[in-house]
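Peer 1: I'd like to go over a predicted model; first the sequence, then the structure.
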Amino acid sequence: MQLLDGKLVSESILAEIAEEVSARKKAGKKTPHLAAILVGGDPASQTYVASKVKTCEQIGFASTLVRLEADTSEDELLNQIRFFNTNDDIDGILVQLPLPKHISEEKVINTINPEKDVDGFHPISLGRMVLGQPTFISATPNGIMMMLAHYNIDTAGKNCVVIGRSNIVGTPMSILLSRNTNPGNCTVTLAHSKTKNLKELCLQADIIVAAIGRPNYVTADMVKEGAIIVDVGINRIDDASKKSGFRLVGDVDFANVAEKCSYITPVPGGVGKMTICALMKNTLLAVKDR
Ligand code: GUN
(Lines give C-alpha, C1' and ligand atoms only; values in the text may rest on other atoms or scores of the structure.)
Protein backbone atom coordinates (compact mmCIF):
# COMPACT_ATOMS: atom_id res chain seq x y z
CA MET A 1 0.00 0.00 0.00
CA GLN A 2 1.24 3.47 -0.84
CA LEU A 3 0.10 6.60 1.01
CA LEU A 4 -1.24 9.42 -1.14
CA ASP A 5 0.56 12.07 0.84
CA GLY A 6 -1.39 15.34 0.58
CA LYS A 7 1.14 17.18 2.71
CA LEU A 8 4.04 16.28 0.43
CA VAL A 9 2.17 16.89 -2.82
CA SER A 10 0.63 20.16 -1.68
CA GLU A 11 3.99 21.44 -0.43
CA SER A 12 5.57 20.85 -3.82
CA ILE A 13 2.68 22.53 -5.69
CA LEU A 14 2.56 25.44 -3.22
CA ALA A 15 6.31 25.95 -3.70
CA GLU A 16 5.73 26.29 -7.46
CA ILE A 17 2.93 28.79 -6.86
CA ALA A 18 5.16 30.76 -4.46
CA GLU A 19 7.85 30.96 -7.13
CA GLU A 20 5.36 32.23 -9.68
CA VAL A 21 4.06 34.84 -7.24
CA SER A 22 7.57 36.00 -6.52
CA ALA A 23 8.29 36.32 -10.27
CA ARG A 24 5.01 38.26 -10.69
CA LYS A 25 6.03 40.67 -7.95
CA LYS A 26 9.49 41.19 -9.49
CA ALA A 27 7.82 41.92 -12.83
CA GLY A 28 5.58 44.52 -11.16
CA LYS A 29 2.45 42.41 -11.62
CA LYS A 30 -0.40 42.27 -9.15
CA THR A 31 -0.13 40.17 -5.98
CA PRO A 32 -2.98 37.61 -5.80
CA HIS A 33 -5.43 38.66 -3.08
CA LEU A 34 -7.92 36.24 -1.51
CA ALA A 35 -10.84 37.52 0.57
CA ALA A 36 -12.38 35.04 3.01
CA ILE A 37 -15.63 35.52 4.89
CA LEU A 38 -16.41 33.47 7.98
CA VAL A 39 -19.85 33.74 9.56
CA GLY A 40 -20.21 32.49 13.14
CA GLY A 41 -17.86 30.52 15.32
CA ASP A 42 -18.03 26.92 14.08
CA PRO A 43 -14.72 25.52 15.37
CA ALA A 44 -13.97 23.40 12.29
CA SER A 45 -14.73 26.30 9.93
CA GLN A 46 -12.49 28.58 11.99
CA THR A 47 -9.64 26.09 11.65
CA TYR A 48 -10.13 25.71 7.88
CA VAL A 49 -10.26 29.45 7.27
CA ALA A 50 -7.20 30.02 9.46
CA SER A 51 -5.29 27.42 7.40
CA LYS A 52 -6.32 29.12 4.17
CA VAL A 53 -5.17 32.54 5.41
CA LYS A 54 -1.91 31.09 6.72
CA THR A 55 -1.22 29.39 3.41
CA CYS A 56 -1.78 32.71 1.60
CA GLU A 57 0.92 34.26 3.79
CA GLN A 58 3.31 31.36 3.19
CA ILE A 59 3.16 31.65 -0.59
CA GLY A 60 3.14 35.45 -0.85
CA PHE A 61 -0.56 36.06 -1.50
CA ALA A 62 -2.39 38.93 0.15
CA SER A 63 -5.44 37.91 2.18
CA THR A 64 -8.33 39.61 3.90
CA LEU A 65 -10.40 37.79 6.49
CA VAL A 66 -13.79 39.16 7.45
CA ARG A 67 -15.36 37.56 10.53
CA LEU A 68 -19.07 38.13 10.94
CA GLU A 69 -21.21 37.26 13.96
CA ALA A 70 -23.48 34.21 13.73
CA ASP A 71 -26.54 36.49 13.81
CA THR A 72 -25.36 38.60 10.85
CA SER A 73 -28.26 39.19 8.47
CA GLU A 74 -28.29 37.72 5.00
CA ASP A 75 -28.35 41.24 3.53
CA GLU A 76 -25.26 42.24 5.47
CA LEU A 77 -23.38 39.21 4.16
CA LEU A 78 -24.57 39.81 0.59
CA ASN A 79 -23.40 43.43 0.84
CA GLN A 80 -19.99 42.32 2.03
CA ILE A 81 -19.74 40.02 -1.00
CA ARG A 82 -20.87 42.84 -3.33
CA PHE A 83 -18.16 45.04 -1.87
CA PHE A 84 -15.51 42.42 -2.69
CA ASN A 85 -17.08 41.80 -6.12
CA THR A 86 -16.39 45.37 -7.18
CA ASN A 87 -13.14 45.91 -5.26
CA ASP A 88 -10.37 45.72 -7.86
CA ASP A 89 -7.74 44.64 -5.37
CA ILE A 90 -9.62 41.42 -4.51
CA ASP A 91 -9.03 38.54 -6.95
CA GLY A 92 -10.79 35.67 -5.19
CA ILE A 93 -13.72 35.50 -2.77
CA LEU A 94 -14.63 32.59 -0.54
CA VAL A 95 -17.47 32.32 1.93
CA GLN A 96 -16.80 29.44 4.28
CA LEU A 97 -19.65 26.92 4.41
CA PRO A 98 -21.81 25.86 6.18
CA LEU A 99 -23.64 29.11 6.94
CA PRO A 100 -26.09 29.72 9.80
CA LYS A 101 -29.59 28.40 9.01
CA HIS A 102 -31.16 31.85 8.48
CA ILE A 103 -28.85 32.57 5.51
CA SER A 104 -29.49 31.04 2.09
CA GLU A 105 -26.31 29.40 0.80
CA GLU A 106 -27.78 29.50 -2.68
CA LYS A 107 -28.26 33.28 -2.58
CA VAL A 108 -24.77 33.75 -1.17
CA ILE A 109 -23.11 31.61 -3.83
CA ASN A 110 -25.14 33.23 -6.62
CA THR A 111 -24.02 36.68 -5.45
CA ILE A 112 -20.30 35.97 -5.81
CA ASN A 113 -18.84 37.42 -9.01
CA PRO A 114 -18.09 34.30 -11.14
CA GLU A 115 -14.76 35.86 -12.16
CA LYS A 116 -13.74 35.76 -8.47
CA ASP A 117 -15.45 32.46 -7.57
CA VAL A 118 -12.29 30.62 -6.53
CA ASP A 119 -14.37 27.99 -4.68
CA GLY A 120 -16.05 27.09 -7.97
CA PHE A 121 -19.49 26.90 -6.35
CA HIS A 122 -21.31 29.43 -8.59
CA PRO A 123 -23.74 27.90 -11.13
CA ILE A 124 -21.68 29.46 -13.94
CA SER A 125 -18.50 27.81 -12.67
CA LEU A 126 -20.25 24.46 -12.22
CA GLY A 127 -21.91 24.73 -15.65
CA ARG A 128 -18.58 25.45 -17.33
CA MET A 129 -17.01 22.53 -15.47
CA VAL A 130 -19.72 20.13 -16.68
CA LEU A 131 -19.16 21.34 -20.25
CA GLY A 132 -15.37 20.98 -19.95
CA GLN A 133 -14.79 24.73 -20.39
CA PRO A 134 -11.99 26.52 -18.51
CA THR A 135 -13.28 27.60 -15.11
CA PHE A 136 -12.74 27.47 -11.37
CA ILE A 137 -13.24 23.87 -10.25
CA SER A 138 -14.21 23.34 -6.62
CA ALA A 139 -11.15 22.89 -4.53
CA THR A 140 -11.70 19.46 -2.97
CA PRO A 141 -12.48 17.53 -6.18
CA ASN A 142 -9.83 19.48 -8.06
CA GLY A 143 -7.29 18.77 -5.29
CA ILE A 144 -8.08 15.06 -5.58
CA MET A 145 -7.52 15.20 -9.36
CA MET A 146 -4.19 16.97 -8.74
CA MET A 147 -3.22 14.24 -6.29
CA LEU A 148 -4.10 11.42 -8.74
CA ALA A 149 -2.11 13.25 -11.44
CA HIS A 150 0.88 13.70 -9.14
CA TYR A 151 1.08 9.96 -8.45
CA ASN A 152 0.55 9.17 -12.16
CA ILE A 153 -2.38 6.95 -11.30
CA ASP A 154 -3.93 5.51 -14.43
CA THR A 155 -7.66 5.98 -13.97
CA ALA A 156 -8.81 5.36 -17.56
CA GLY A 157 -11.50 2.70 -17.78
CA LYS A 158 -11.55 2.17 -14.01
CA ASN A 159 -14.76 1.64 -12.06
CA CYS A 160 -15.15 4.39 -9.53
CA VAL A 161 -17.69 4.74 -6.74
CA VAL A 162 -18.11 8.22 -5.28
CA ILE A 163 -20.03 8.06 -1.99
CA GLY A 164 -21.87 11.31 -1.23
CA ARG A 165 -23.60 13.65 -3.70
CA SER A 166 -22.95 17.09 -2.19
CA ASN A 167 -22.74 20.07 -4.53
CA ILE A 168 -19.23 20.87 -3.38
CA VAL A 169 -17.59 17.43 -3.39
CA GLY A 170 -19.46 14.31 -4.55
CA THR A 171 -21.32 15.68 -7.55
CA PRO A 172 -18.40 17.63 -9.11
CA MET A 173 -16.05 14.73 -8.27
CA SER A 174 -18.25 12.28 -10.19
CA ILE A 175 -18.25 14.57 -13.24
CA LEU A 176 -14.50 15.22 -13.18
CA LEU A 177 -13.68 11.53 -12.96
CA SER A 178 -16.00 10.67 -15.83
CA ARG A 179 -14.70 13.37 -18.22
CA ASN A 180 -12.42 12.57 -21.15
CA THR A 181 -9.27 13.81 -19.39
CA ASN A 182 -6.24 12.38 -17.64
CA PRO A 183 -6.93 11.62 -14.81
CA GLY A 184 -10.52 10.85 -15.73
CA ASN A 185 -12.20 8.46 -18.15
CA CYS A 186 -13.62 6.45 -15.25
CA THR A 187 -16.96 4.68 -15.21
CA VAL A 188 -18.48 6.45 -12.24
CA THR A 189 -21.25 5.43 -9.86
CA LEU A 190 -22.48 8.23 -7.60
CA ALA A 191 -23.78 6.59 -4.43
CA HIS A 192 -25.83 8.33 -1.73
CA SER A 193 -28.06 7.74 1.27
CA LYS A 194 -30.74 5.98 -0.83
CA THR A 195 -28.29 3.62 -2.55
CA LYS A 196 -29.33 0.06 -1.76
CA ASN A 197 -26.37 -2.16 -2.61
CA LEU A 198 -23.45 0.03 -1.58
CA LYS A 199 -21.24 -2.82 -0.39
CA GLU A 200 -21.66 -4.74 -3.69
CA LEU A 201 -20.97 -1.57 -5.70
CA CYS A 202 -17.87 -0.80 -3.66
CA LEU A 203 -16.56 -4.34 -4.05
CA GLN A 204 -16.60 -3.77 -7.85
CA ALA A 205 -14.77 -0.46 -7.52
CA ASP A 206 -11.17 0.15 -8.56
CA ILE A 207 -11.42 3.61 -6.98
CA ILE A 208 -13.56 4.67 -4.01
CA VAL A 209 -14.00 8.33 -3.08
CA ALA A 210 -15.62 8.56 0.36
CA ALA A 211 -17.33 11.91 0.98
CA ILE A 212 -20.18 11.11 3.34
CA GLY A 213 -19.05 12.80 6.55
CA ARG A 214 -19.45 9.70 8.72
CA PRO A 215 -16.47 8.36 10.67
CA ASN A 216 -15.08 5.00 9.56
CA TYR A 217 -18.05 4.38 7.23
CA VAL A 218 -16.07 2.51 4.56
CA THR A 219 -14.87 -0.73 6.11
CA ALA A 220 -12.43 -3.35 4.83
CA ASP A 221 -15.22 -5.79 3.83
CA MET A 222 -16.45 -3.18 1.30
CA VAL A 223 -13.08 -2.83 -0.42
CA LYS A 224 -11.65 -4.87 -3.28
CA GLU A 225 -8.05 -6.03 -2.97
CA GLY A 226 -5.78 -3.41 -4.61
CA ALA A 227 -8.40 -0.63 -4.81
CA ILE A 228 -7.47 3.07 -4.65
CA ILE A 229 -9.06 4.84 -1.67
CA VAL A 230 -9.62 8.58 -1.44
CA ASP A 231 -10.96 9.71 1.94
CA VAL A 232 -12.57 13.15 1.95
CA GLY A 233 -13.98 12.91 5.49
CA ILE A 234 -12.69 15.08 8.33
CA ASN A 235 -14.66 13.97 11.39
CA ARG A 236 -13.95 15.12 14.93
CA ILE A 237 -14.09 12.34 17.51
CA ASP A 238 -13.94 13.12 21.25
CA ASP A 239 -10.60 12.03 22.67
CA ALA A 240 -9.71 13.08 26.19
CA SER A 241 -6.08 12.04 25.67
CA LYS A 242 -5.63 14.88 23.13
CA LYS A 243 -4.89 18.46 24.15
CA SER A 244 -7.63 19.66 21.80
CA GLY A 245 -10.10 17.13 23.27
CA PHE A 246 -10.65 15.48 19.86
CA ARG A 247 -8.94 13.59 17.08
CA LEU A 248 -9.64 13.64 13.38
CA VAL A 249 -10.77 10.53 11.52
CA GLY A 250 -11.87 10.10 7.94
CA ASP A 251 -14.87 8.35 6.39
CA VAL A 252 -12.69 5.27 5.89
CA ASP A 253 -11.62 2.75 8.52
CA PHE A 254 -7.99 3.52 7.68
CA ALA A 255 -6.18 0.84 9.72
CA ASN A 256 -8.09 -2.09 8.23
CA VAL A 257 -8.67 -0.74 4.71
CA ALA A 258 -4.97 0.19 4.35
CA GLU A 259 -4.09 -3.52 4.51
CA LYS A 260 -6.18 -4.27 1.41
CA CYS A 261 -5.79 -1.31 -0.91
CA SER A 262 -3.02 -0.17 -3.28
CA TYR A 263 -3.21 3.56 -2.46
CA ILE A 264 -4.94 5.47 0.32
CA THR A 265 -5.14 9.08 1.53
CA PRO A 266 -4.55 9.57 5.28
CA VAL A 267 -6.68 11.83 7.51
CA PRO A 268 -5.28 14.30 8.37
CA GLY A 269 -2.59 14.95 5.75
CA GLY A 270 -4.48 13.76 2.68
CA VAL A 271 -7.32 15.43 0.80
CA GLY A 272 -7.60 18.40 3.22
CA LYS A 273 -4.14 19.64 2.30
CA MET A 274 -4.95 19.28 -1.40
CA THR A 275 -8.15 21.33 -0.98
CA ILE A 276 -6.17 24.32 0.24
CA CYS A 277 -3.61 23.84 -2.50
CA ALA A 278 -6.32 23.78 -5.20
CA LEU A 279 -7.89 26.93 -3.74
CA MET A 280 -4.54 28.72 -4.02
CA LYS A 281 -4.19 27.55 -7.65
CA ASN A 282 -7.63 28.98 -8.39
CA THR A 283 -6.69 32.29 -6.79
CA LEU A 284 -3.57 32.50 -8.93
CA LEU A 285 -5.73 31.72 -11.97
CA ALA A 286 -8.12 34.49 -10.92
CA VAL A 287 -5.42 37.16 -10.79
CA LYS A 288 -4.04 36.05 -14.16
CA ASP A 289 -7.47 36.19 -15.80
CA ARG A 290 -8.30 39.69 -14.62
N1 GUN B 1 -16.80 24.02 3.60
C2 GUN B 1 -16.30 22.78 3.41
N3 GUN B 1 -15.47 22.76 2.36
C4 GUN B 1 -15.45 24.02 1.87
C5 GUN B 1 -14.75 24.62 0.77
O6 GUN B 1 -14.02 24.01 0.00
N7 GUN B 1 -14.98 25.96 0.61
C8 GUN B 1 -15.82 26.66 1.41
N9 GUN B 1 -16.00 27.96 1.14
N10 GUN B 1 -16.47 26.12 2.42
C11 GUN B 1 -16.27 24.80 2.65
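Peer 2: Right, received. Where do you want to start? Keep in mind the model is a prediction, meaning the values are calculated, not measured. Numbers count the residues shown, from 1 in each chain.
Peer 1: From what I see, residue 161 and residue 187 are in contact.
Peer 2: No: taking CB atoms under 8 Å as the definition, residue 161 is not a contact partner of residue 187, at 9.9 Å. C-beta: built from backbone N, CA, C; applies to glycine.
Peer 1: Pick out whichever of these two has more residues nearby.
Peer 2: Set residue 161 next to residue 187 and count neighbours by other CB atoms under 10 Å: residue 161 wins out with 26 against 14.
Peer 1: centroid residue for this structure?
Peer 2: residue 140 (1.8 Å; CA atoms, centre = their mean).
Peer 1: Distance of it relative to the ligand?
Peer 2: From residue 140 across to the ligand, the span is 5 Å (CB to the nearest ligand atom, to the nearest Å).
Peer 1: quick check, that residue in a helix?
Peer 2: Yes: under DSSP: H, G, I helix; E, B strand; the rest coil, residue 140 sits within a helix.
Peer 1: for it, what are its contacts?
Peer 2: Going by CB atoms under 8 Å, 6 or more residues apart in numbering, residue 140 touches 168, 169, 173, 211, 232, 271, 274, 275, 278.
Peer 1: Count the neighbours of the second one for me.
Peer 2: Other residues within reach of residue 169 by the criterion other CB under 10 Å amount to 23.
Peer 1: Kindly report the same for the fifth one.
Peer 2: One way to gauge burial is a neighbour count; for residue 232, by other CB under 10 Å, it gives 30.
Peer 1: how about the residues of the stretch 51-200 of the chain near the ligand?
Peer 2: Residues of the stretch 51-200 of the chain found near the ligand (CB under 6 Å from any ligand atom) are 94, 95, 96, 97, 119, 139, 140, 168.
Peer 1: From those residues, list just the buried residues.
Peer 2: Among those, the ones that count as buried by 16 or more other CB atoms under 10 Å are 94, 95, 96, 97, 119, 139, 140, 168.
Peer 1: now, among these, which is nearest to residue 45?
Peer 2: Checking those against residue 45 with CB to CB, the nearest one is residue 96 at 4.9 Å.
Peer 1: Quick check: that closest one touching residue 41?
Peer 2: No: if you go by CB under 8 Å, residue 96 and residue 41 don't touch, sitting 11.4 Å apart.
Peer 1: Provide a list of residues in contact with residue 58.
Peer 2: By CB under 8 Å, 6+ apart, the neighbours of residue 58 are 14, 18.
Peer 1: Could you report the separation of it from residue 277?
Peer 2: Using CB to CB, to the nearest Å, residue 58 is found at 11 Å from residue 277.
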